[in-house]
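What shape does this take:
(2 chains)
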There are 2 protein chains.
Amino acid sequence: MRKQFRDLASPEEARETIASLDVTPDSETVPLSAARGRVLAERIDAGMDVPGFDRASMDGYAVRARDTFGADEADPVELELVGEVHAGSEPDVEVTSGTAVEISTGAVMPPGADAVVIVERTDERDGSLLTYTSVAPGDSVMSAGTDIAAGARALGPGTRLTPREIGLLSALGIDDVPVRGRPVVGIVSTGDELVRPGDDLRPEAGEIYDVNSYTIAAGVDEAGGVPKLYPHAGDDYDEMERLLRQAADECDLVLSSGSTSASAVDVIYRVVEERGELLLHGVSVKPGKPMLVGTLGEGGAYIGLPGYPVSALTIFRTFAAPAIRAAAGLPEPRMATVEGSMAVRERYAEGRTRLMPVGLVTGSAPSTGDSVADTRNNPDDTASERLVYPVDKGSGATTSLVEADGVVEIPADVEYLAEGESVTVQLFSPDVRPPELLGVGEDDPALSRLLDRVPSPRYLPFGSREGLRRLRNGIPDVAVVAGEYHGDDEAVELGSWTREWGLVVPADNPDGVTGLESLVDDDLRFVNRDTNSGLRTELGNALAALAEARDVTRHELVEAIEGFENGAKAFESPPRAVRAGNAAVGLGLRETAAALELGFVSLGDQRVRVLANPDRTGKRGVQSLGDALDRIDDVLDGLTGFEKV
Amino acid sequence: MRKQFRDLASPEEARETIASLDVTPDSETVPLSAARGRVLAERIDAGMDVPGFDRASMDGYAVRARDTFGADEADPVELELVGEVHAGSEPDVEVTSGTAVEISTGAVMPPGADAVVIVERTDERDGSLLTYTSVAPGDSVMSAGTDIAAGARALGPGTRLTPREIGLLSALGIDDVPVRGRPVVGIVSTGDELVRPGDDLRPEAGEIYDVNSYTIAAGVDEAGGVPKLYPHAGDDYDEMERLLRQAADECDLVLSSGSTSASAVDVIYRVVEERGELLLHGVSVKPGKPMLVGTLGEGGAYIGLPGYPVSALTIFRTFAAPAIRAAAGLPEPRMATVEGSMAVRERYAEGRTRLMPVGLVTGSAPSTGDSVADTRNNPDDTASERLVYPVDKGSGATTSLVEADGVVEIPADVEYLAEGESVTVQLFSPDVRPPELLGVGEDDPALSRLLDRVPSPRYLPFGSREGLRRLRNGIPDVAVVAGEYHGDDEAVELGSWTREWGLVVPADNPDGVTGLESLVDDDLRFVNRDTNSGLRTELGNALAALAEARDVTRHELVEAIEGFENGAKAFESPPRAVRAGNAAVGLGLRETAAALELGFVSLGDQRVRVLANPDRTGKRGVQSLGDALDRIDDVLDGLTGFEKV
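You can find the predicted model right below:
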């Protein structure tokens, strides 16, 4: 019943197939003011001399050079002043032997004059000019056409127009510029479960927001194409077929991102086969296997991208973007790559080329933003200072899009990358910079505010336990740990605060929850946090104490709590479950309860520490986090239940 | 009468003064589809769990994990199939002990189920499911919030939005994005002589096209601002004052580019002083001395740029663009710099920091467009392979804008740069690539067509003599030489052709010009080419021969030709002078005469050779020029009087 893919093409075959597609649009004419970044469609020859006249290049006096021969400081030559000429006006006087005309920079040389004596080397004395220097013909004169001459080749076809080329076109008076067209790229989203951002979402019905449409549209724009989004057809396959046909008519290239339903694939097959042919089905790379490539007749083409956002964007960048740039006449960007060493061992053995999303973290060398020594332009600063770690939250995750800096291409025959092994990272774009700060650990509202004061931080809220574990492995710059900490390693404590934690209940506390006892003794549906969370550890300790007081095992108490074992990932999830009526009690913070206007039963205060890798304390991001912690009062201002330590 | 500048500020003072200006606009909200490249104005926290439900991450069957314990290939577990659930639909069935539900990737886990058995490890047999493997709770399930959890910090303020961030915003359903505003930058052009491109120009009245307005506007756009061009006020100073006031009201920053007239400067002074204050007048850099900086009150500022395009753009890039980027919240781009060695000695001693425009030419190493070994990303490929030559056609020249690749900053106290000295070049942008081919020499219509077939060539039409001279100095890849060539050096001849040259006259040849004799014997106004031109040399030789035949000196003949001594720069200029009625005869090509529909009296055919630097023949640009020369027939097709050799 489900379609299986066979005969996967190699990445090279896929590139060649896509390169063979004709998606080049007609060229067009744009006004000069809109020409920046466009690509010249044809050669531009100068239609006129620039400057169009012999032009004074200094303020001074237009003269006949031969009249000044022999002049010097001691023995100036006197000439009769017969007039003046200024920039933008036509000379109304001629320079004859023995005369001079005052002239300003940019003005037309009057007839008869062949040089300018600069004002600094002259004196005016009752109507006549004294020149203290002699000049040669052409001195301080820019003769017609010396900048660019009529008929000369000004700019070649394929030239990308930057402000500098805009300048030359301006000088030539060209305000209609013939440029390569930008390919129109239609984006048809498939998948019954997708909802456009901004519309209402019904998670209970398995709906998710459509990530690929806007992401790919932005990628198309970045690659020099014009994205055209088509309305989402949902599970109406006739409508989807109609939209695909319309897109094929209107666009140079049509993209769709994967669909889990066979019926959608059938529709795509039908439309592609009806207008052109399917050239490729499936490529041997991970992620991205389910890629479709076909023609749509008459300079139209189709590329089907995988459905998962990370896969879709990776495949778009690897295979589709180059075709769009080529059609727009844009050069392939120099791919920015950096060397780094694997922070962990990575196993891989699937017989497919793998494009592994990775994050970068740099060592203590302060990252400078403006020199060739920066991490991007200088592949030779010791790679040992740059760690590379895989970002893999499952291909369904969109956060890996922003948590990764680039990809490492792993050939099909490589089985694993060893820890410390040197790898080459293809950055997502030359603009990508490794984060100034990489943190891992507890999620916390005060921390979110602290991070706002750090330039380009990256924080992975994987919980206190995971934060400590990774800090010991030497990957992050800092770990954020909530609750007990025994300081049994060299980590440097940058700062800390306390937060009040406890049981979040409905606003009116209908079940009359009073504390831990209620949770154990009353029959209440509870939502816990996951085991990596410092909050859950804190709760566990409190239960252990209660068990001891009651002289029972901790296990007995835990058993009595419905939902204790299943934990939610983020600090707001349990309170939100309570607000949604899905639970009677949730583990959380007073601050969260207040923010969501829920009731709260306090169980105590918990310390939150920011611990730094001792080798990274000199790093810019760590420093600015430290500075922010020095002003923790401002940060905590307005947060309920938070205290400076 | 003319304003003199005093107390020049140092470049550092100028930077600080400009950095102190407040030009930051209010932030705004844009639709997600328009958010690419913008900068987040505030932190974005997740307002929901992503995914919003426990989600099957594989096609298969939703089960209770404990029901599968012990299952293996030999001994499958049989479960009752009680229904199915697909992506985008709400489960209408519960999984109870001993039952399973068919589920597709992305679908909501039905109540009761805690794991998915992938389809490949199962069989369906009359209504019941056989699973050949056991699964643990959570297998093939992505639980709610594992991608990003409600309340988690998604993106920080100041984040630049690339397709990847657009993806995360999409996943969160955010379609109104709070972003930093783009500063509105008003551009007021001053200068009586300026005409907007597209309008008619009166060169005889000293008019030139306004280069700076569009160039600076493109630069503003590139720096993340919104350029706003104001109409050109010409020499109406009241109007100019009105426009400056209007711009000050409407813009965050007002730029004007220099004016040669003191009255314009007076107007600027008046407006700035009336609303704010003048902070700086003149900076100690070349080019760019006459720079003005002032406030316009209430978050408004003014920067006056020099008038000459090269100066204006250099000063804009060095001082104004950083302020615009800062206001837009954009990071300073990593400045792309490369090392190179001076191709010539460059003297300089003016006691001002100099920003010297330079061109780059790379050695024979084929320039690859996509690796870290490229000339930009790898400062360590031997600088000796990259030559740096000054581009200075006088600051009035706009062609130096496109003939330069970047600038070399020379400190005030440096008197000269020696030939071969290593220098650091600040590229105009990271996208700048040295030309694939650098040629110098004769201007020629066939050559223009040949260059169209070379990727990013640069050709300096300085004439045959200059071309040969520079080729010997080892700077260009090729020289193009018209006329006699004695092959007295190692240059490699890539190819050649001939062109018919002679005297261009009005269409009906009113003076009955028959040949060289008419030029010498009749009293005709003649327009010659400059002494670097191979055409002029050819004419000189012909006159020498005639002189010999007549047994007179060449000098006597030359003396008899009105206008022989003054030469025009480009091959079309003499014919254009004839067409304009400014001359009776012009030196030129049959092709040019034909193109301009003029008469022509042939004086012979002249060979044009393309000579390559023997060390550069392997270079990509040289190779593709060679390829084009191999197909010279196509190139010459349609050119009158051109022949393959």
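
Just give the nearest non-adjacent residue to A:Lys228, would you?
Counting by Cβ to Cβ, 6 or more residues apart in numbering or on different chains, A:Lys228 lies nearest to A:Gly186, which is 4.9 Å off, once chain neighbours are set aside. For the C-beta atoms, the positions are set from N, CA and C on the backbone; glycine is no exception.

Assign that neighbour to helix, strand or coil.
Put simply, A:Gly186 is strand when judged by DSSP: H, G, I helix; E, B strand; the rest coil.

Next one: it from B:Lys644, what distance?
Between A:Gly186 and B:Lys644 the distance, using Cβ to Cβ, to the nearest Å, works out to 47 Å.

So for the two, which residue has more residues nearby?
For A:Gly186 versus B:Lys644, the count of surrounding residues by other Cβ atoms under 10 Å in any protein chain shown is larger for A:Gly186: 26 against 11.

A:Val610 reaches A:Glu493, doesn't it?
Yes - A:Val610 sits in contact with A:Glu493 when judged by Cβ atoms under 8 Å, with a separation of 7.1 Å.

So for the two, which residue has more residues nearby?
Neighbour comparison, A:Val610 and A:Glu493: the larger count goes to A:Val610, with 28 against 13 (by other Cβ under 10 Å).

show me the contacts for the more buried one.
With Cβ atoms under 8 Å, 6 or more residues apart in numbering or on different chains as the criterion, the residues that contact A:Val610 are A:439, A:447, A:450, A:478-480, A:493-496, A:625, A:629.

in the stretch 451-600 of chain A, what spans have low per-residue confidence?
When residues are selected by pLDDT under 70, none of them lie in the stretch 451-600 of chain A.

Looking at A:Ser448 now. What's its pLDDT?
On pLDDT, A:Ser448 comes in at 94.

what does the helix or strand containing it contact?
Of the helices and strands defined by DSSP states H and E, A:Ser448 is found in helix A:445-451. Contact partners of helix A:445-451, identified using Cβ under 8 Å, 6+ apart, comprise A:437, A:439, A:457, A:459, A:480, A:497, A:499, A:571, A:589, A:591-592, A:608, A:610, A:625, A:628-629, A:632, A:635-636, A:639, A:642, B:43, B:45, B:153, B:156.

Inside strands: which ones of these?
Using DSSP state E, the members of those that fall in strands are A:437, A:439, A:457, A:459, A:480, A:497, A:499, A:589, A:608, A:610, A:642, B:45, B:153.

From B:Gly156, how far off is the fourth one?
With the distance defined as Cβ to Cβ, A:Tyr459 ends up 9 Å from B:Gly156.

re earlier: just the closest of the contacts of A:Val610 to B:Ala404, please.
Distances from B:Ala404 to the contacts of A:Val610, taken as Cβ to Cβ, are shortest for A:Leu625 (42.3 Å).

Now do the residue nearest to the closest one when sequence neighbours are not counted: how many residues are near it, please.
Counting by Cβ to Cβ, 6+ apart, A:Leu625 lies nearest to A:Val454, which is 5.2 Å off, once chain neighbours are set aside. Other residues near A:Val454 come to 24 when the count uses other Cβ under 10 Å.

secondary structure element for A:Val454?
With the criterion set as DSSP H and E, no secondary-structure element contains A:Val454; it sits in neither a helix nor a strand.

Surely it and A:Leu437 touch.
Yes - contact criterion Cβ under 8 Å: A:Val454 and A:Leu437 qualify, at 5.2 Å.

Can you tell me the SS state at the most centrally placed residue in chain A?
Most central in chain A under Cα atoms, centre = their mean is A:Val432, positioned 6.6 Å from the mean C-alpha point. For A:Val432, the reduced secondary structure class is coil; criterion used: three-state DSSP.

Flag every buried residue along stretch A:197-204.
By 16 or more other Cβ atoms under 10 Å in any protein chain shown, the buried positions in stretch A:197-204 come out as A:197, A:201, A:203.

Also near chain B: which of those residues, exactly?
Restricting these to those near chain B by Cβ under 8 Å from any Cβ of the partner chain leaves A:197, A:201, A:203.

Out of the residues you listed, which sit inside strands?
Among these, DSSP E puts none in strands.

what residues are shared contacts of A:Val454 and A:Leu437?
With Cβ under 8 Å, 6+ apart applied, the overlap between the contact sets of A:Val454 and A:Leu437 consists of A:621, A:624-625.

TSV for these, including neighbour count?
Formatted as TSV, the entries for the shared contacts of A:Val454 and A:Leu437 read as follows, by neighbours: other Cβ atoms under 10 Å in any protein chain shown:
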residue	neighbour count
A:Gly621	26
A:Ser624	17
A:Leu625	26
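
follow-up on the earlier one: dig out what the residue nearest to A:Lys228 forms beta bridges with.
A:Lys228, A:Val254 (DSSP bridges).

contacting residues around the nearest residue to A:Ala41 once chain neighbours are set aside?
Leaving aside its sequence neighbours, A:Ala41 sits nearest to A:Ser27 (Cβ to Cβ, 6+ apart; 3.6 Å). A:Ser27 is in contact with A:41-42, A:178-181, counting by Cβ under 8 Å, 6+ apart.

can you do 7 Å?
Contact criterion Cβ atoms under 7 Å, 6 or more residues apart in numbering or on different chains gives A:41, A:178-181 as the residues in contact with A:Ser27.

any idea which helix or strand carries the residue nearest to A:Arg317 when sequence neighbours are not counted?
In this structure, A:Arg317 finds its nearest non-sequential neighbour in A:Gly219, 6.9 Å apart by Cβ to Cβ, 6+ apart. A:Gly219 is part of helix A:212-222 when elements are defined by DSSP H and E.

quick one: average pLDDT of that helix?
Model confidence over helix A:212-222, given as mean pLDDT, is 95.

packing partners for that helix?
Applying 3 or more Cβ pairs under 7 Å, 6 or more residues apart in numbering or on different chains; DSSP states H and E, one finds that helix A:212-222 makes contact with strand A:184-189, strand A:226-229, strand A:253-257, helix A:309-315, helix B:163-171.

The nearest residue to A:Leu155 once chain neighbours are set aside: neighbouring residues, count only.
In space, A:Leu155 comes closest to A:Ile44 once its chain neighbours are excluded; the distance is 4.5 Å by Cβ to Cβ, 6+ apart. A:Ile44 sits with 20 neighbouring residues when counted by other Cβ under 10 Å.

and which of the buried residues of stretch A:197-204 is nearest to chain B?
Closest approach between those and chain B, by Cβ to the nearest Cβ: A:Pro203, at 2.9 Å.
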